[in-house]
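>>> sequence and predicted model, in that order:
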Amino acid sequence: MRAAIMDAPFKMRVGDWEMPEPGPGEVLVSVGATGICAGDMYIYRGTNPYASYPVIGGHEIAGTVAAVGEQVTGIELGTHVVVEPFIGCGICYPCRVGKRNCCANLQIIGAHRPGGFAEAVTAPAKNIHKVPEGLSMAFASFAEPVAIGVQACRRGAVTAGEYVLILGCGPIGLALIEVAQARGARPIAADLVPDRLETARKLGADVLVADDTLLQNVLDQTDGEGAPVVIEATGNLKAMEQTVDLVASGGRIVIVGLVKKGVGVTFPGLDFTRKEMTIVGSRASVNCFPESLELLASGKISYPQTATEFNMWTAPAVFAELSEHPTSIQKGVLVRDT
Ligand SMILES: [Zn+2]
Ligand SMILES: [Zn+2]
C-alpha cells in the first residue's frame, strides 16, 4: 500500500509499505483523513524517544472499515469510524484502574505501531468508534484532539457557570475552549500569538494576552478571586509555574502541556495548603471518544474549520514546511482521495 514513511529524522517519503492484515480481534481501516499533531512533528524531527524508524506516523485517524479479523463481531464493512490510538496492556496497575492512557506498556498507533499516514491501518476492534452521520472524514479526525479536551475538562471537573482559564491557544487549547463552553463554563483563553487569540475569541472565549499583565487581568475579571479552574496547555515552564497564582483558593489546576523530560516545575509549597488547590495531570484521553464524537456531531465544536486540508501524498512537503514554520497554519489534516 501507499504510505508516507519516515525513514529517519527529517526524511519522509511516499512509498510502498506492506498492506497490514487485521489479526484476531482487530479491524483494518481504510484511511480517509489523518490529522497532523505536534506528536507527529516530534517523530519527524527525531525528538520522540519511542519512535524507531522506519515509521508511519498519524494517530488522529478517521476512515472506513475495510476488513475484520477473527473474533470480531458486530462491525460492518464500510462503517465510518475513528481510531482511538492508545492500546493498554490490560494488566498493569493503571490499566486495572481504568487508566489505560497511562499504561506502563502503552502502545500508540502512529508511534509504536504504524499509523494513519497511509492507505490503511489496523487497530483493535475495541479501539474503533462509529462516526455519527454527516461528519466528514477530516472533521471526524478531530475526535482524538477533542477527546484530549474532554479528558482535561473531566480531570478538572469543569462545571457550568464557572470561569476556566486556558493557557495556550494551540490545537488543544482551542479544543478546550469549546469543550468547556459545551459544559456551560466560561472560558478565558491566554496566549502570546495574536492570530491564535483572534481564533480563540471567534470561538467564544474571552481572551487575554499571556504577558506580565495576565495575572492582574485574570484577577480583575474574577473579582480578585482567581480562576476556579486553570488548564495549562502550553508546556511552557513559566506558564506552568504561574498556574498557582492564577487559580482561586480551593480551585483546580490541570496540567496538559508537556515539559521536557527531567525538567522540574517549582511551586511555592505554602500555597498547596494555603489555597488548598488540586493539581492534576491529564494525559491524552480514556473513554472520551464517544463524548468527543457527540460534541463534533452536535455542532458545538467548530474549531476543525480552522484546519488546513492537504492531500495525503503531499505529506513530505507539508511536514518539511511545518517543521520550518510551525505556526504557519493552525492545524493540518491529511486527506486521502485516492
Ligand atoms: Zn495528537
Ligand atoms: Zn497496562
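Happy to help now that I have it. Ligands and ions are numbered 1, 2, ... in the order given.

>>> which regions of the protein lie under the pLDDT threshold?
Low-confidence segments of the chain (pLDDT under 70): 338.

>>> do a quick rundown of the strands in the stretch 51-200 of the chain.
60-68, 80-83, 86-87, 107-108, 120-124, 128-130, 163-167, 186-191 (DSSP state E, counting those that start in this stretch).

>>> got the phi and psi for A248?
Dihedral angles of A248 (phi, psi; degrees, to the nearest 10) stand at phi -70, psi 160.

>>> and the closest residue in space to it that isn't next to it in sequence, how many residues sit next to it?
Nearest non-adjacent residue to A248, counting by C-beta to C-beta, 6 or more residues apart in numbering: G226, 3.8 Å away. The C-beta positions use only the backbone N, C-alpha and C, and glycine is treated the same way. Using other C-beta atoms under 10 Å, G226 is surrounded by 24 other residues.

>>> does G226 touch Q242 like I think?
No - look at G226 against Q242 with C-beta atoms under 8 Å: they stay out of range, at 11.1 Å.

>>> related to what we said a few turns ago, could you identify which of the strands of the stretch 51-200 of the chain is most buried?
Across these, averaging neighbours per residue (mean count of other C-beta atoms under 10 Å) puts strand 163-167 on top, at a mean of 28.

>>> now that strand: how far from the chain's centre is it?
17 Å (C-alpha atoms, centre = their mean, to the nearest Å).

>>> likewise stretch 162-170?
Here stretch 162-170 is found 15 Å from its chain centre; the criterion is C-alpha atoms, centre = their mean.

>>> do that stretch and ligand 1 meet at all?
No - with C-beta under 5 Å from the ion as the criterion, ligand 1 is not reached by stretch 162-170; the gap is at least 10.9 Å.

>>> measure that stretch end to end?
End-to-end distance of stretch 162-170 (C-alpha to C-alpha, to the nearest Å): 22 Å.

>>> re the thing from before, just put the strands of the stretch 51-200 of the chain in JSON lines and tack on distance to G98.
Shown next, in JSON lines, are the strands of the stretch 51-200 of the chain (distance: least, C-beta to C-beta, whole Å):
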{"stretch": "strand 60-68", "distance to G98": "23"}
{"stretch": "strand 80-83", "distance to G98": "20"}
{"stretch": "strand 86-87", "distance to G98": "13"}
{"stretch": "strand 107-108", "distance to G98": "17"}
{"stretch": "strand 120-124", "distance to G98": "17"}
{"stretch": "strand 128-130", "distance to G98": "17"}
{"stretch": "strand 163-167", "distance to G98": "24"}
{"stretch": "strand 186-191", "distance to G98": "28"}
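
>>> between those strands, which gets nearest to L237?
When these are compared by C-beta to C-beta, strand 163-167 sits nearest L237, at 11.9 Å.

>>> N287: neighbour count?
Around N287 there are 15 residues (other C-beta under 10 Å).

>>> contacting residues for it?
G98 (C-beta atoms under 8 Å, 6 or more residues apart in numbering).

>>> what separation do you get for it and ligand 1?
Distance, N287 to ligand 1, by C-beta to the ion, to the nearest Å: 17 Å.

>>> please identify the helix or strand for that residue.
Using DSSP states H and E, N287 maps to neither a helix nor a strand.

>>> SS state for the residue of the stretch 201-338 of the chain found nearest ligand 1?
For the stretch 201-338 of the chain and ligand 1, the shortest gap (C-beta to the ion) falls at A284, measuring 7.9 Å. In three-state terms, and counting by DSSP: H, G, I helix; E, B strand; the rest coil, A284 is coil.

>>> show me what contacts the nearest residue to it once chain neighbours are set aside?
If the residues on either side of it in the chain are set aside, A284 comes closest to N101, at 4.7 Å by C-beta to C-beta, 6+ apart. By C-beta under 8 Å, 6+ apart, the contact set of N101 is 86, 88, 94, 151, 283-286.

>>> most neighbours among those residues, which one?
S285 (25 neighbours).

>>> where's that residue relative to ligand 2, distance?
Distance from S285 to ligand 2, by C-beta to the ion: 16 Å.

>>> thought that residue was touching Q151?
Yes - with contact defined as C-beta under 8 Å, S285 counts as touching Q151 (3.9 Å).
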